[in-house]
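Undergrad: Everything below, folded, please.
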Amino acid sequence: METLGSILGLFPCLWDRTKTQVDYVRHLEENLKTLRIEKEKLMELRNDLLRKVEDAEERQMKRTERVVGWLNRVDVMITEVDGILSQGEQQIQNTCLGRCHKNCWSTYKLGKEVITKLKAFSTLISEGNFNEDELAYLLPRPRVDPIPMDVPVGMDLLFKRAWSFIQDDAVHIIGIYGMGGVGKSTLLAKINNKLAETSHEFDVVIRAVVSSKPNVGTIQDKIAKKLSFPVDTWSQNDQQEKAGEIFRVLSKKKFVILLDDMWDPQFELQKVGIPLRNCNSKIIITTRSKDVCGGMGADKKIKVDCLTEQMAWELFKQKVGEEALYFHPQVEDLAKLVAKGCGGLPIALITVGRAMASKKTLDEWSYALHILQEFAWKFPNMEDKVLHLLKYSYDSLGGEMTKACFRYLSLFPEDYYFDAKKVIRNWMAEGFLKDGGLHMATQEGHHIIRELERACLLEVESDKCADFRMHDVVRDMALQICSEEGQQNDKYLVQEKFVLTVPPPIPTWETAKLISLCHNRFGQLEGEPKCENLLTLDLAYTFLKEIANDFFQYMPNLKVLDLSGNPDLEELPKSLFKLTSLQILNLSVTGITELSPKFKKLQKLKFLGLSHISGLEVIPPRVVSSLSNLEQLELWNIALSETSINENELLDELESLKDLKHLELPVKSEMTLKKLLTSEKLYQITYGLEIRQCRGSSSLQLKNNNVLQRLTINNCDDVEEVTVCCTRNDILRKVCFRDLSRVSICNCKLLKDLTLLMALPNIRDLWIAHCPPIENIVGVGGGGASMVSGYINAFASLETLTLQYLPALKYICSHALPFPRLTRLHVWKCPELKKLPFDSNYDAGKLEVVGERGWWDGLEWDDEAVPATLNPCFRPRD
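TA: Numbering: from 1, shown residues only. This is a model prediction of the structure:
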């Protein structure tokens, strides 16, 4: 009975199971319809989810792994269900005898699979209900964001230099400077994109624009965005808290920060939160001012100059396009002139090039050239995109005095090379500089020139800023400012050099405040112009031979008169001595033979230039001493004979001039030289000393002078050595003859020892000629060898070295020297000079070597790598 009960108990279970299996078959068609509906629901859910995910991905987000897995499972499920539905349709088509299937087993299996998929659908649909924050997450930003840019022109060398600094672990801060529109930002973008393209060890590269009015918060937000700080919490922090967060994160990273367009040299990166000198990280700034590079502590500075003429033409062609450039065969020649008028400034080349891209006729190009030359600011987009850009540099200058001095320079011709001393004297006469005397004005003027150079508004030729020029496009900007401020009109009469063969008509003189006619060719001046407002008259290098006696009769306020560079002008007009307001008179390189006693009438004279006058034979007694306000006297390279004036008396007269601050003069005797050297006043204001025909002594000894700028020793037949009164320690500290930069030693028949050169740390130009006994410039003899080994480098500042007619010269120096600034070596008629002081470590750079081909080919080299480096630098002179 118990066994029977157990068997009977199985029947309900068996019945339930059998019923379920029968239902798989009996409800197959209905379940297939349900499966198709559930599939459509799942696909709708999938599609909705995909749209949300793809939208997030467009916002630089990435789908989560859960979403990826779910979508993959859905795709697999849909593929499998499609197969089941296809199989189900086939089964239904094969039905017979009502609901009885031909193959009950296969139908049963299919029905069971349908039920299984329906349950799986339910699970997938439940899992597919994601919250918004579960769909995708923000991607970490790429280490470097590329910057869209055109292919830069003429940047290769600058980029190579910048990249070497980036790879140098000792360099932390790099300053890139140059005038507005010259390509600093382009170079920065090229650096950024190179970092984006190549593998490197930097964790992040961040670029931010600082601008003339820096906003610390804006820069912080830029950095925070790059570092993916949470927006909600970041926005609640104050500036100091943001700086702390940035510092905390960047201190743990190796970064490159590119700061574009910086103006403030005192801008504090710490306020932003940027760590300084952090584990080989780099900070690269661009600026228009060299002062900013210094103020920001730049380890290396890179100046971006304008493009060469060839590179400028390539950029201009790129912007104009071939269709316009070659539409007419003569357009190209005009186009080159237009491009040249842009002065190599990329922003000007791009602006003008784009404006000319649709111009194809000769008339259009001729007119464009005219506008660019005469009224550059009227050229399409030139004012807004170019001159306006440069004006920021002008607006940022220190004060009105500096701005006035800058505007004044625009009144001179294009491509004009300014003599700094002359400009400063003119500034003083115009009243731009403080009234503290000519010496103080000179210091102040040099400071202004340097300020304009550091603002990249002037191009200074050397560290001494003796010569400089203004870029043509910068000049256009200055002229526009003058025009806007009403400073041109009829107040200034300026003519381009080599244009005039006759002077301008007299009426054009009479309203002028400044007249500059230098470097023209008109020969003589006639008439009596009434120039009551005239302050400055520049007639230098105009081939003058004659000036009418009454020409200066009606110029009562004239302060500056420059007649220099007219060697055929032998007589000065009588009216010149009626110029009682005259402060600056330059008669250098004229043909005058004596200094008239009438000079005594020029009581306000502060500067008198009498240099390079080969015929000046007479300076009457008490003429110089009568010029009681004289501050500068230049008597360089004049032909005074021993009978024309007593040198000792001249020194006595100079001693009596209480305001004298600057002296350049020749001495012809050992007695006069000793008197000068022992004068407490005169020697310490001697900026130029010419020792000529000094006979009777075998030795010349010079006392230290830290204002002396140029020294000439010429035709001293008895001199065998020149020594200096400086201790070895003073020489090592470079405090002897600190400003002496130009030295010329010629025609000294017995001179052998040039040890004095070791005491001159800042020589830039050295000329030695016609000294037969000299065997070495420095290095051996007279203790020279020990001095060379002990001293750092006698020629660290040397830029030009000229050696001529030295038949015994064997060495320049007994061992190799770096010559870091040498640009020109000129050797002529030195047959025994077989070795040059260069080794394989020497960087030839811009060096040019000029000499005889036979001499060059006969040189001996200790290192065979040296001639390969230097051969491209050689220029034969035979």
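Undergrad: When you work out contacts or count neighbours from here on, use the C-alpha atoms and nothing else.
TA: Fine.
Undergrad: which residue is nearest the middle of the protein?
TA: K303 (2.6 Å; Cα atoms, centre = their mean).
Undergrad: wait, isn't M179 in contact with L390?
TA: Yes: assessed by Cα atoms under 8 Å, M179 is found in contact with L390 at 7.5 Å.
Undergrad: hang on, the earlier thing: state the pLDDT value of the residue nearest to the centre of the chain.
TA: We note a pLDDT of 91 for K303 in this prediction.
Undergrad: More neighbours: which of M179 and L390?
TA: Comparing M179 with L390 by other Cα atoms under 10 Å, the one with more neighbours is M179, at 27 against 21.
Undergrad: what's around E451, how many residues?
TA: Neighbours around E451, by other Cα under 10 Å: 19.
Undergrad: For the residue nearest to the centre of the chain, give me its contacts.
TA: 176-178 (Cα atoms under 8 Å, 6 or more residues apart in numbering).
Undergrad: Name the nearest residue to it, ignoring sequence neighbours.
TA: Spatially, and ignoring its direct neighbours in sequence, K303 is nearest to Y177 (5.0 Å; Cα to Cα, 6 or more residues apart in numbering).
Undergrad: quick one: low-confidence ranges for the stretch 401-550 of the chain?
TA: Within the stretch 401-550 of the chain, the stretches with pLDDT under 70 are 461-466, 484-490, 496-498.
Undergrad: hmm, 50 instead?
TA: For the stretch 401-550 of the chain, no stretch has pLDDT under 50.
Undergrad: Likewise for the stretch 601-750 of the chain?
TA: Within the stretch 601-750 of the chain, the segments meeting pLDDT under 50 span 643.
Undergrad: What ranges does it have for its helices?
TA: With DSSP state H, counting those that start in this stretch, the ranges of helices along the stretch 601-750 of the chain come out as 623-626, 647-655, 670-678, 728-732.
Undergrad: Turn the ones you listed into JSON lines, including distance to L633 and mean neighbour count.
TA: Below are these laid out as JSON lines (distance: least, Cα to Cα, whole Å; neighbours: other Cα atoms under 10 Å):
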{"stretch": "helix 623-626", "distance to L633": "9", "mean neighbour count": "19"}
{"stretch": "helix 647-655", "distance to L633": "9", "mean neighbour count": "18"}
{"stretch": "helix 670-678", "distance to L633": "15", "mean neighbour count": "17"}
{"stretch": "helix 728-732", "distance to L633": "30", "mean neighbour count": "15"}
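Undergrad: Of all these, which one comes closest to K190?
TA: K190 lies closest, by Cα to Cα, to one member of the helices of the stretch 601-750 of the chain: helix 728-732, at 43.4 Å.
Undergrad: one step back: my read is that the residue nearest to K303 contacts K301, right?
TA: Yes: the criterion here is Cα under 8 Å, and Y177 meets it with K301 at 7.5 Å.
Undergrad: So which of the two has more stuff around it?
TA: More crowded of Y177 and K301, by other Cα under 10 Å: Y177, with 29 against 20.
Undergrad: how about the more buried one, what does it touch?
TA: 184, 286-290, 293, 301-304.
Undergrad: got it, and G431?
TA: So G431 contacts nothing (Cα under 8 Å, 6+ apart).
Undergrad: Same question for the one 10 residues further on.
TA: Taking Cα under 8 Å, 6+ apart as the definition of contact, the neighbours of A441 are 424-425, 428, 433-435.
Undergrad: Go again with 10 Å.
TA: 424-425, 427-428, 432-435, 447 (Cα atoms under 10 Å, 6 or more residues apart in numbering).
Undergrad: Where do the strands of the stretch 351-500 of the chain begin and end?
TA: 417-419, 459-460, 467-469, 492-494 (DSSP state E, counting those that start in this stretch).
Undergrad: how close does the nearest residue to Q495 once chain neighbours are set aside get to H471?
TA: Excluding the flanking residues, the one nearest Q495 by Cα to Cα, 6+ apart is L517, at 5.5 Å. Distance, L517 to H471, by Cα to Cα, to the nearest Å: 20 Å.
Undergrad: more neighbours, those two?
TA: Set L517 next to H471 and count neighbours by other Cα under 10 Å: L517 wins out with 26 against 23.
Undergrad: For the more buried one, give me its contacts.
TA: 412-413, 493-500, 503-504, 537-542.
Undergrad: hmm, back to that, could you name every residue contacting both of Y177 and K301?
TA: With Cα under 10 Å, 6+ apart as the test, Y177 and K301 both reach 285-286, 290, 293.
Undergrad: Dump the contacts of A441 to a markdown table, plus distance to R821 and neighbour count.
TA: Below are the contacts of A441 laid out as a markdown table (distance: Cα to Cα, whole Å; neighbours: other Cα atoms under 10 Å):
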| residue | distance to R821 | neighbour count |
| --- | --- | --- |
| I424 | 28 | 23 |
| R425 | 30 | 23 |
| W427 | 32 | 23 |
| M428 | 34 | 24 |
| F432 | 35 | 19 |
| L433 | 33 | 24 |
| K434 | 36 | 14 |
| D435 | 37 | 11 |
| H447 | 24 | 14 |
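Undergrad: Farthest-apart pair in those residues, please.
TA: D435 and H447, at 15.5 Å, using Cα to Cα across these.
Undergrad: Okay, now the unreliable bits of the stretch 51-200 of the chain?
TA: 96-102.
Undergrad: Would you map the helices across it?
TA: 65-93, 104-127, 156-166, 184-197.
Undergrad: for the first one, packing partners?
TA: So the one you mean is helix 65-93. helix 28-58, helix 104-127, strand 136-138 (3 or more Cα pairs under 10 Å, 6 or more residues apart in numbering; DSSP states H and E).
Undergrad: from those, which stretch is densest packed?
TA: Compared across the helices and strands packed on helix 65-93, strand 136-138 shows the largest average neighbour count, a mean of 18 (mean count of other Cα atoms under 10 Å).
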